[in-house]
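Task: produce atomic coordinates for the following.
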Amino acid sequence: MMAMMKSSTFEMAVEADLENLSILSEFIARVMREIGADERSLFEVQLAVDEACTNIIQHAYSGEGGTISIGCQLADDSLVVTIRDQGKPFDPNSIPPPDLGAGAGERKVGGLGMFLMTKMMDEVSYGFDAQRGNELTMCKKLRRLK
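Just a heads-up that it's a prediction; the model follows:
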């Protein structure tokens with residue numbers, strides 16, 4: 001695990017393990033407080049990153065391990081979060097939107113991750129490159145305390 005700061009850029013890499021989600025959550029909290037974001041923005045970014053990394057661990061790596069790299073960069077009044085992994089490629093368009101009108105017993109398990117990411121963040125995009133792997137970029141317009 002490593003963290004580094006270059007101007008307004010923060011980076012970290014962890015093993016793809018559910019136990020490391022708390023480390024990533026603490027990293028996001030530290031970054032968000034460093035840049036003066038409000039608590040609601042902090043919560044929304046933490047939730048989106050948690051969902052993304054959980055999906056990487058469970059689906060891209062199928063629980064078999066690997067590395068998740070996360071970078072946060074301040075761009076004007078937005079935080080850009082980029083998450084990279086070398087797991088299986090993923091097509092976010094292949095995930096149907098959840099049926100939020102269905103009762104809890106009728107709703108299929110899973111499928112809320114992408115929905116939550118798009119609701120919590122202002123922009124979400126995904127790309128895959130055979131050399132660099134998967135790259136998920138999420139942007140959040142910040143409400144600042146300072």
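
ok, which stretches of this protein are helices?
Here the chain has its helices, by DSSP state H, at 21-34, 39-55, 113-120.

Run the angle between the longest one and helix 21-34 for me.
With axes from the mean of the first three to the mean of the last three CA atoms, to 10 degrees as the basis, helix 39-55 and helix 21-34 are set at 150 degrees to each other.

Which strands or helices does helix 39-55 pack on?
Judged by 3 or more CB pairs under 8 Å, 6 or more residues apart in numbering; DSSP states H and E, the packing partners of helix 39-55 are helix 21-34, strand 67-75, strand 78-85, helix 113-120, strand 133-141. Glycine gets a C-beta too; all of them are placed from N, C-alpha and C.

chain center to it: distance?
Using CA atoms, centre = their mean, to the nearest Å, the distance from the centre of helix 39-55 to the centre of the chain it belongs to is 6 Å.

next one: the last one
Taking CA atoms, centre = their mean, one finds helix 113-120 lying 10 Å from the centre of the chain it belongs to.

try stretch 133-145
Remark: stretch 133-145 is offset 8 Å from the chain centroid, using CA atoms, centre = their mean.

quick one: buried residues of that stretch?
Burial within stretch 133-145, assessed by neighbour count using 16 or more other CB atoms under 10 Å, is assigned to Gly133, Asn134, Leu136, Thr137, Met138, Cys139, Lys140, Leu142.

Quick check: bridge partners of the third one?
Pointing back at Leu136 there. Leu136 has the following beta-bridge partners by DSSP bridges: Ile83, Tyr126.

ok, it touching Thr82?
Yes: counting by CB atoms under 8 Å, Leu136 does reach Thr82; the two are 7.2 Å apart.

Could you pull up the residues touching the residue nearest the centre of the chain?
In the chain, the centroid-proximal residue (CA atoms, centre = their mean) is Val49; its distance is 2.5 Å. By CB atoms under 8 Å, 6 or more residues apart in numbering, the contact list for Val49 reads Leu24, Ser25, Ile28, Ile70, Val81, Ile83, Met138.
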